[in-house]
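Engineer: Test case, fold it:
(2 chains)
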Amino acid sequence: KAGVTQTPRYLIKTRGQQVTLSCSPISGHRSVSWYQQTPGQGLQFLFEYFSETQRNKGNFPGRFSGRQFSNSRSEMNVSTLELGDSALYLCASSPGGGYTFGSGTRLTVV
Amino acid sequence: GIQVEQSPPDLILQEGANSTLRCNFSDSVNNLQWFHQNPWGQLINLFYIPSGTKQNGRLSATTVATERYSLLYISSSQTTDSGVYFCAAASGGSYIPTFGRGTSLIVHP
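Structural biologist: Numbers count the residues shown, from 1 in each chain, chains lettered A, B, ... in the order given. The predicted structure is shown next:
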């Protein structure tokens, strides 16, 4: 059974640009959640999607958005990148209960 | 929301030693997991354990939900156990896990 797949693994962007990250959940998992991990703030919840609908949202500015497709794959988008957006972005899928995480996308904003 | 505190923040062991990591949470939980984050950043699910005791090889975990804590035991530690261990819990109507700050473990050969 394939795990959670995140692409790309590494990304370098310039301030002001936008970026799109992708997450393919475990087959059959309909819930996809996104987390941001930084040394200062730790792991913080961004949002959760279930059946193409955003079901929960964390405390992040509107520059952070996401969506989920009918096949449960999810994308998150960050517009007008800031230096502080440099982080490891982790996606998790769940059947309801425990979470399984992908390998993450490490975003560096320069 | 729920508060999750982990202790100790840092732990250094010699290979072969045993250790206990603790996770305290501020509310009754409907979801509690332990994760190991390896040096490449991947969070690996160790246990889904909102209550009771589970064992997997050299690792075991116990959650005492009524007293609002969970313990992760590592026996006969190996250098590959190094990394950061996270506890994540959700409570009440929210099933979105809140993560603790983690315990950074270094195992020396």
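Engineer: my guess is A:Gly102 contacts A:Gly3, does it?
Structural biologist: Yes. A:Gly102 lies in contact with A:Gly3 (CB atoms under 8 Å); the separation is 7.0 Å. C-beta coordinates here come from the backbone N, C-alpha and C atoms, glycine included.
Engineer: Please say which of the two ends up with more neighbours.
Structural biologist: A:Gly102 (24 against 14; other CB atoms under 10 Å in any protein chain shown).
Engineer: so what's the single nearest residue of chain B relative to chain A bridging to?
Structural biologist: Minimum separation of chain B from chain A (CB to the nearest CB) falls at B:Tyr48, amounting to 3.6 Å. For B:Tyr48, the beta-bridge partners under DSSP bridges are B:Gln33.
Engineer: Pull the contacting residues for it.
Structural biologist: A:97-98, B:31-33 (CB atoms under 8 Å, 6 or more residues apart in numbering or on different chains).
Engineer: what does B:Ser82 give?
Structural biologist: B:39, B:105-107.
Engineer: The same query, at a cut-off of 7 Å, please.
Structural biologist: Contacts for B:Ser82 were tallied using CB atoms under 7 Å, 6 or more residues apart in numbering or on different chains; they are B:105-107.
Engineer: Does chain B have contacts with stretch A:94-109?
Structural biologist: Yes. Stretch A:94-109 lies within reach of chain B by CB under 7 Å from any CB of the partner chain, at A:97-101, A:103-104, A:106.
Engineer: which residues sit against that stretch?
Structural biologist: Under CB under 7 Å, 6+ apart, the answer for stretch A:94-109 is A:3-6, A:8-13, A:15, A:19, A:21, A:23, A:26, A:28-29, A:31, A:33, A:81-83, A:85-93, B:31, B:33, B:41-43, B:45, B:48, B:97.
Engineer: Please apply the same query to stretch A:20-32.
Structural biologist: With contacts defined as CB under 7 Å, 6+ apart, stretch A:20-32 is touched by A:1-7, A:48-51, A:68, A:72-77, A:89, A:91, A:93-96, A:100, A:102, A:105.
Engineer: List the buried residues for stretch A:31-46?
Structural biologist: Across stretch A:31-46, burial judged by 16 or more other CB atoms under 10 Å in any protein chain shown covers A:31-37, A:43-46.
Engineer: Can you pick out the most distant pair from those residues?
Structural biologist: Using CB to CB, the buried residues of stretch A:31-46 span at most 19.3 Å, a distance reached by A:Ser31 and A:Gln37.
Engineer: Which of the contacts of stretch A:94-109 fall within strands?
Structural biologist: A:5-6, A:10-13, A:19, A:21, A:23, A:31, A:33, A:87-93, B:31, B:33, B:43, B:45, B:48 (DSSP state E).
Engineer: Of the buried residues of stretch A:31-46, just say which sits nearest to B:Arg22.
Structural biologist: Checking those one by one against B:Arg22 (CB to CB), the nearest turns out to be A:Leu43, at 18.2 Å.
Engineer: Quick check, pLDDT for that closest one.
Structural biologist: If you check A:Leu43, the pLDDT there is 96.
Engineer: Not counting its neighbours along the chain, what's nearest it?
Structural biologist: Sequence neighbours aside, B:Phe99 is the residue nearest to A:Leu43 in space, at 4.0 Å (criterion: CB to CB, 6 or more residues apart in numbering or on different chains).
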